[in-house]
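Asker: A structural model of the following input is requested.
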Amino acid sequence: MSSLDISKIRKEFPILRREIDGKRLVYLDNAATSQKPLRVIDSLSNFYSRHNANIHRGIHTLSEESTNLYEGARESIKQFIGAQHSCEVIFTRNATESINLVAQSWGRQNVLPGDEIVLSPMEHHSNLVPWQVLAAEREAKLVFLELDEHGQIDMDSARKLIGPKTKLVTFTQMSNVLGTITPARELADLAHKFGAIVLIDGAQGVPHLATSVQELGCDFYVFSLHKMLGPTGVGVLWGKKELLNAMPPYMYGGDMISSVAREKSRYNELPWKYEAGTPNIADVIASGVAVEYLKEIGMDVVREHEVEITRYALNRLKEIPEIKIYGPHDATKRGGVISFNLKDIHPHDLGQIMSDAGIAIRAGHHCCQPLMKDLKVMGTARASFYIYNTFEEVDMLLAALREADRVMGNVAIR
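Answerer: Numbers count the residues shown, from 1 in each chain. A predicted model of the protein is given here:
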């Protein structure tokens, strides 16, 4: 068993005490967003009660306090992802905005007609649509890697598809549908062999895996704090300093400039060059609190717990012969995300029945419509786990699935 004290952790999450129609909430939608510990919630209240002021440039006490807390969060995140410099950590609204920043700023400057952008077929729409738009604009070509029968990237195929024409290789660190953990370093090394740039979507990876951007070998790394115990509305773009310095700003206005004349402006240095206007100060600070909370637990411990609960859930789900599970069946090769379908029951119907039982799962295409087409399904049901989920909750999910089967008239399962 993992060393995680789940009963202690659960006490720190007020929402887990909630009941849904008289039933205890079982929250299994963590791949969409995680719940928040009390210390993160209190951080927001504390900021507005004691420190609220705009950051940077202000010389009064509140402004200096706010600035220190805000920049302290940047330092915490820098350490959490193993970055070399705090100035490489850029705050955005979410991983989606971070990807768009790279596509519009680096992409427009560097992608030329005939260049190839290589992606995995598991990408969230956020890491696909911006590249579709850029490729069309720059007359570049999108190239998709292949998956093997277990939902893992086929590296033999990758070695054939990544080549001299490749300008960018981008892929998820962990699939939000299949749970697949990608061979990030191997792909990055292959891309760099041909001089290509590598962007990793860490939205599902960094909340669950010990992550070092140095060890991953990427050039850009993006994620959202709301999936890792922080508030919504805060994302991060990490990029190598030399790349960020060479790119033009993504937005223009206050704070991203060092001086302004009537006809011309001079841009600020990193990281503020990419942080125009008043940022989401309180939520960034609370995000720093969330990151420190995860550090306190230890990401190795987080991963250990998720492997155990995922393995248990996979084994329990296999007790129902009419369930189809997508992605690797080895819990050590996937994250705590399990997508499945139960015979002919529509995923939305399944999600509603689960909700009636107090169980929150996700149903649909999970912003991965091309992958759904590859899987030959319209959508899936998805259960996803985090640090506060228990084996008992997996048992409750199984009981609700059996009830769903009974309600929908599937007599094959006893």
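Asker: Pull the contacting residues for the residue sitting nearest the centre point of the chain.
Answerer: Nearest to the mean C-alpha position of the chain, counting by C-alpha atoms, centre = their mean, stands A203 at 1.3 Å. If you count contacts by C-beta atoms under 8 Å, 6 or more residues apart in numbering, A203 has them with 95, 124, 126, 172, 176, 222-224, 227. For every residue, glycine as well, the C-beta is placed using N, CA and C.
Asker: rerun that using 7 Å as the cut-off
Answerer: Neighbouring residues of A203 by C-beta atoms under 7 Å, 6 or more residues apart in numbering: 95, 223-224, 227.
Asker: likewise L25?
Answerer: The neighbours of L25, taking C-beta under 7 Å, 6+ apart as the test, are 16, 18-19, 358.
Asker: And it, how close does it get to H124?
Answerer: Going from L25 to H124 by C-beta to C-beta, to the nearest Å gives 26 Å.
Asker: Report the beta-bridge partners for V198.
Answerer: V198 has the following beta-bridge partners by DSSP bridges: V169.
Asker: pretty sure it is touching Y221, no?
Answerer: No: with contacts counted by C-beta atoms under 7 Å, V198 stays clear of Y221, the gap being 9.1 Å.
Asker: Would you mind telling me which of those two has the busier surroundings?
Answerer: Between V198 and Y221, counted using other C-beta atoms under 10 Å, the more crowded position is Y221 (30 against 23).
Asker: which helices and strands sit right next to the helix or strand where L350 lies?
Answerer: Element membership of L350 [criterion: DSSP states H and E] is helix 347-356. Counting contacts by 3 or more C-beta pairs under 7 Å, 6 or more residues apart in numbering; DSSP states H and E, helix 347-356 packs against strand 362-364, strand 380-384, helix 391-407.
Asker: Make JSON lines from those and add mean neighbour count to it.
Answerer: Shown next, in JSON lines, are the helices and strands packed on helix 347-356 (neighbours: other C-beta atoms under 10 Å):
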{"stretch": "strand 362-364", "mean neighbour count": "20"}
{"stretch": "strand 380-384", "mean neighbour count": "26"}
{"stretch": "helix 391-407", "mean neighbour count": "17"}
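Asker: Out of these, flag the one nearest R303.
Answerer: Between R303 and the helices and strands packed on helix 347-356, the shortest gap by C-beta to C-beta is with strand 380-384, which sits at 14.5 Å.
Asker: low-confidence ranges in the stretch 201-350 of the chain?
Answerer: Using pLDDT under 70 as the threshold, the predicted model of the stretch 201-350 of the chain has no low-confidence range.
Asker: What segments of it are helices?
Answerer: 213-216, 241-246, 281-297, 299-317, 347-356 (DSSP state H, counting those that start in this stretch).
Asker: which of these sits most buried?
Answerer: Mean neighbours per residue, mean count of other C-beta atoms under 10 Å, is largest over the helices of the stretch 201-350 of the chain for helix 281-297, with a mean of 22.
Asker: Can you tell me which helices and strands it packs against?
Answerer: helix 38-46, helix 61-80.
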